[in-house]
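K.L.:
Mind looking at a prediction? Sequence and model below.
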Amino acid sequence: MTPITLIKIEECVVSEIKTKEKHGYEAIQIASIEDELKLSKVKKPQKKLFASLEIKPKRVLKEFRVDESELLKVGTVIDITHFEKGQKIDVIGTSIGKGFAGAMKRHNFSGLRASHGVSVSHRSHGSTGNSQDPGKVFKGKKMAGHMGSKRVTKQNLKIMDIDLENQLIFIKGSVPGHRNSIVLIKDAVKKKKN
């Protein structure tokens, strides 16, 4: 048995090219997910951009850093055929928000003992620092706080199968984010393409 996540690949259009001479780095900007967007919700520079491409405004604009040799022309369509079966990819998404969470849930702390004088603080995180020196709690200390709803990258996920008809890719394992959330897929950074 293999756990699988289904991801629908929307048609993407190269909307802008960033060059070293003009912007200081090389990248392609991709527009995706065509919604029934109200024109009043679209910003002026984006209206101009989509009008020049002669397409309806798209909801998502993302940049991908590429080498100079891999820069695509504006208007090039990127679809599911970019991916191959067995390919390794990185998936970036926003993790599910859990709200305010305690130290045990958020950082996997074991909590305090269930007996021997511990009262009303079994799930607390305990001591957070030293005494008068340094006289403060250091930044980044693992404590209770807002959990989830952060940008998360899962690396080296394998594409098990591709459904060209329904524009679906079958990915081994889980990806960050809730159902129907938008994720960013790119070629794996830490592994060469098979």
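P.N.:
The structure has been received and is ready for your questions. Keep in mind the model is a prediction, meaning the values are calculated, not measured. Numbering: from 1, shown residues only.

K.L.:
buried residues in the strand or helix carrying residue 7?
P.N.:
Using DSSP states H and E, residue 7 sits within strand 4-8. Neighbour-count burial for strand 4-8, counted by 16 or more other Cβ atoms under 10 Å, picks out 5, 7. For every residue, glycine as well, the C-beta is placed using N, CA and C.

K.L.:
Within the sheet, what are the partner strands of it, with directions?
P.N.:
strand 168-172 (antiparallel) (DSSP bridges).

K.L.:
any idea which helix is longest in this structure?
P.N.:
As assigned by DSSP state H, the longest helix anywhere in the chain is helix 44-53.

K.L.:
looking at the chain, which helix or strand is least sure?
P.N.:
Ranked by mean pLDDT, DSSP states H and E, the weakest helix or strand in the chain is helix 44-53, scoring a mean of 85.

K.L.:
which helices and strands does the following helix or strand past that helix pack with?
P.N.:
Remark: after helix 44-53, the chain's next helix or strand is strand 58-65, criterion DSSP H and E. Strand 58-65 is packed against strand 12-18, strand 27-34, with contacts defined by 3 or more Cβ pairs under 8 Å, 6 or more residues apart in numbering; DSSP states H and E.

K.L.:
what about those, which gets the closest to residue 164?
P.N.:
Closest to residue 164 of those, according to Cβ to Cβ: strand 12-18, at 15.7 Å.

K.L.:
what about the longest strand in the protein?
P.N.:
Ranked by residue count under DSSP state E, the longest strand found in the chain is strand 151-163.
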